[in-house]
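Novice: With the input below, show me the fold.
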Amino acid sequence: MLVVSDTSVLVNLAVIGEADILSRLFMVVVAPEAVRAEFQRLASSDAAISQRGMARVG
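Specialist: Here you go, the predicted structure:
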């Protein structure tokens, strides 16, 4: 199954420390370039996101 994610899902999962859950549940997870850019921008300004982060996003 293919899943396309938006930024809010990625941010909320990162904040609760469950950043890997999508890759555990689905074979393919796609974050469009605009979503990756927004996530990286938010993570760079919010320690809760960057510390628990989504190193795989990007």
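
Novice: now the helix or strand S44 falls within: mean pLDDT?
Specialist: According to DSSP states H and E, S44 maps onto helix 33-45. The average pLDDT for helix 33-45 rounds to 89.

Novice: Check which residues of it are buried.
Specialist: 35-36, 38-40, 43 (16 or more other Cβ atoms under 10 Å). Every C-beta, even on glycine, is put in place using the N, C-alpha and C of the backbone.

Novice: which strands and helices sit next to that helix?
Specialist: If contacts are counted by 3 or more Cβ pairs under 8 Å, 6 or more residues apart in numbering; DSSP states H and E, helix 33-45 sits against helix 7-15, helix 47-52.

Novice: picking up where we left off before, nearest to S5 among the buried residues of helix 33-45?
Specialist: Comparing those against S5 with Cβ to Cβ places V35 closest, at 6.6 Å.

Novice: So what's the residue count around M27?
Specialist: 8 (other Cβ atoms under 10 Å).

Novice: residues in contact with it?
Specialist: Shown in contact with M27 (Cβ atoms under 8 Å, 6 or more residues apart in numbering): 1-2.

Novice: For burial, what's the neighbour tally of V30?
Specialist: 11.

Novice: Do I have it right that it meets M1?
Specialist: No: the criterion here is Cβ atoms under 8 Å, and V30 misses it with M1 at 11.4 Å.

Novice: remind me which residues of this structure are low pLDDT?
Specialist: 48, 50-58 (pLDDT under 70).

Novice: nearest residue to the residue nearest in space to the middle of the chain other than its sequence neighbours?
Specialist: Among the residues of the chain, the one closest to the centroid is L10, at 3.1 Å (Cα atoms, centre = their mean). Using Cβ to Cβ, 6 or more residues apart in numbering and skipping residues adjacent in sequence, the residue nearest L10 is F39, 5.2 Å away.

Novice: now F26
Specialist: Per Cβ to Cβ, 6+ apart, closest to F26 is V3, 4.5 Å.

Novice: helices or strands up against the helix or strand hosting that neighbour?
Specialist: If you go by DSSP H and E, V3 is part of strand 2-4. Secondary-structure packing of strand 2-4 (3+ Cβ pairs under 8 Å, 6+ apart): strand 28-30.
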